[in-house]
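K.L.:
Kindly return the folded structure for what I paste below:
(chains A, B, C and D)
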2 protein chains.
Amino acid sequence: MARKLTDKSSKNSRSADAGRRQSDAGSQRIVEVARAHFFSHGFRSVTMDDLAAELGISKKTLYAHFPGKIALLEAVLADKFAGVSAALEQITREHPHDFPVALHELLANTQRELDEIKPPFVRDMRQKAPHIFKIVERRRAALIQRHFGKLFVEGQRTGMVRKDISTKLMIEILLATVQAIVNPAKVEELGLTPKSGFSAVIKVVLEGVIARKGTKL
Amino acid sequence: MARKLTDKSSKNSRSADAGRRQSDAGSQRIVEVARAHFFSHGFRSVTMDDLAAELGISKKTLYAHFPGKIALLEAVLADKFAGVSAALEQITREHPHDFPVALHELLANTQRELDEIKPPFVRDMRQKAPHIFKIVERRRAALIQRHFGKLFVEGQRTGMVRKDISTKLMIEILLATVQAIVNPAKVEELGLTPKSGFSAVIKVVLEGVIARKGTKL
DNA sequence: ACTCTAGAAACTAAACTAGTATATTTAGTT
DNA sequence: AACTAAATATACTAGTTTAGTTTCTAGAGT
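P.N.:
Model prediction:
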């Protein structure tokens, strides 16, 4: 949470970005607080008064940064997606040709990011903003397909992954399995750690995904 | 006005209020669904319409079982406390003279039960029903003191636990430590399992709590 | 002094929801 | 089949909440 302490940097805050997007430090802090509240408590029950109070600013200032609650939500989601995308991108860049390691890291990151979004938020999105929820799901799917898909296609090219099943399906299977297994309840029930849970799931799924030696495709 | 939260709402409270029985099977199911929703989503944002829809019953029927939302909340809390109390009781009964094992089981259970109650619920209680929240905290403390206290006093009697520190303080230290360590984030960070986390905390704390052999008190 | 920014707080209009009342349906009983 | 009891679906109301606006005041920079 250690953000830049350039609160006094307002000397050029009004200068150049008149029609600019809200990307200054003040807006960033608002987004971070809103993000924490929205994801853990939901959308409905987090009021603008709450946020202003928590931020130590007035609603007026809050509305100076964001035209409305939904706009704030959108900013939060955009921020989230940008962060996730950057993280996934970095991971694939760091492990260029190591399929298992890259997969493991990608999964761990995805799971952690997904875990930030608690049930109340999902519930509120579903019932109060299904329109936005749809977009989120589409973007999420696109993100996953982009990063995991690239990895799997690369894996197919290098003979690590079988080619007779669509990468999309394999990815979905993998993600569904991870999400079903790597949660506090199951982890405790099975006597795992989150890390060992990943490893186990990956191993189990890969043994059905990896192109076995000598298998004719 | 809201009725007081009492233990005796469990069985056979045959009162003059006809149709207000809250211990039949129907009411039990309502309590279970409400419990799941309240604890994970909070109190405010769970509407009676939601509950009725989820239960597949009409609001009329819902109100036939419980006079109001707060009454339902109270029933949920009473149910929760009854369950926890019974579980703790059984644990102490099952391990009559095995201090370490009983302590371990007691802690594990307490942690698991505490974990069911998510932030949104706590937040709503705090701000919307501080009156009930206070009572809950008192009852929770009493429950803990009752079961852990008994164990610690027994431990003192048999020479397992030092006598120069109040059991209350020792218990508070232990619970605070467990709660700080045994959460998904810390567990992953430290590469533990929930179980091994308990064991580690217990061991560390006990080494300062157990009366060491040969130490004169 | 003047101006710009931001906070505090009051305010409004719209949305939401606990709780109630009404009508329709189902199921059991005679 | 007719009767009854209870549940469901639905419509409604009254009280509350809250997003968004406005007004006023304080302080800092010029």
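
K.L.:
Now do the helix or strand of chain A with the lowest mean pLDDT: everything it contacts.
P.N.:
Every helix and strand in chain A was compared by mean pLDDT, DSSP states H and E; the lowest is helix A:194-209, with a mean of 78. Where contact means Cβ atoms under 8 Å, 6 or more residues apart in numbering or on different chains, the residues beyond helix A:194-209 that reach it are A:100, A:103-104, A:107-108, A:111, A:161-162, A:165, A:170, A:173-174, A:177-178, A:181-182, A:186-187, A:190, A:192, B:184, B:187-188, B:191. Any C-beta I mention is one placed from the backbone N, CA and C, and that applies to glycine too.

K.L.:
do stretch A:112-132 as well
P.N.:
By Cβ under 8 Å, 6+ apart, stretch A:112-132 touches A:38-45, A:70, A:73-74, A:77, A:80, A:83-84, A:87, A:133, A:136, A:179, B:40-42, B:45, B:118, B:120, B:184.

K.L.:
Enumerate the positions of it that are buried.
P.N.:
A:113, A:115, A:117-118, A:120-121, A:123-125, A:129 (16 or more other Cβ atoms under 10 Å in any protein chain shown).

K.L.:
ok, which pair from those is furthest apart?
P.N.:
A:Asp115 and A:Ala129 (21.2 Å; Cβ to Cβ).

K.L.:
hang on, the earlier thing: pick out whichever of the buried residues of stretch A:112-132 sits closest to A:Asp49.
P.N.:
A:Asp124 (17.5 Å).

K.L.:
how much space is there between that closest one and A:Val178?
P.N.:
25 Å (Cβ to Cβ, to the nearest Å).

K.L.:
any idea of the angle the longest helix seen in chain A forms with helix A:194-209?
P.N.:
Determined from DSSP state H, the single longest helix within chain A is helix A:130-157. Angle of helix A:130-157 versus helix A:194-209, following axes from the mean of the first three to the mean of the last three Cα atoms, to 10 degrees, is 60 degrees.

K.L.:
Can helix A:130-157 be said to contact DNA strand C?
P.N.:
No: with Cβ under 7 Å from any atom of the strand as the criterion, DNA strand C is not reached by helix A:130-157; the gap is at least 12.3 Å.

K.L.:
now that helix: how far from the chain's centre is it?
P.N.:
Counting by Cα atoms, centre = their mean, to the nearest Å, helix A:130-157 is centred 11 Å from the centre of its parent chain.

K.L.:
same question, stretch A:57-64
P.N.:
Going by Cα atoms, centre = their mean, where stretch A:57-64 is centred and where its chain is centred differ by 28 Å.

K.L.:
Let's see that stretch as PDB, backbone CA atoms only.
P.N.:
Extracted in PDB, the C-alpha atoms of stretch A:57-64 (Å, rounded to 0.1, in the frame of the first residue of the first chain):
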ATOM      1  CA  ILE A  57     -11.700  13.600   1.800                       C
ATOM      2  CA  SER A  58     -15.100  15.100   1.100                       C
ATOM      3  CA  LYS A  59     -17.700  13.700  -1.200                       C
ATOM      4  CA  LYS A  60     -17.200  16.800  -3.300                       C
ATOM      5  CA  THR A  61     -13.600  15.900  -3.900                       C
ATOM      6  CA  LEU A  62     -14.500  12.400  -4.500                       C
ATOM      7  CA  TYR A  63     -16.900  13.400  -7.200                       C
ATOM      8  CA  ALA A  64     -14.300  15.800  -8.600                       C
END
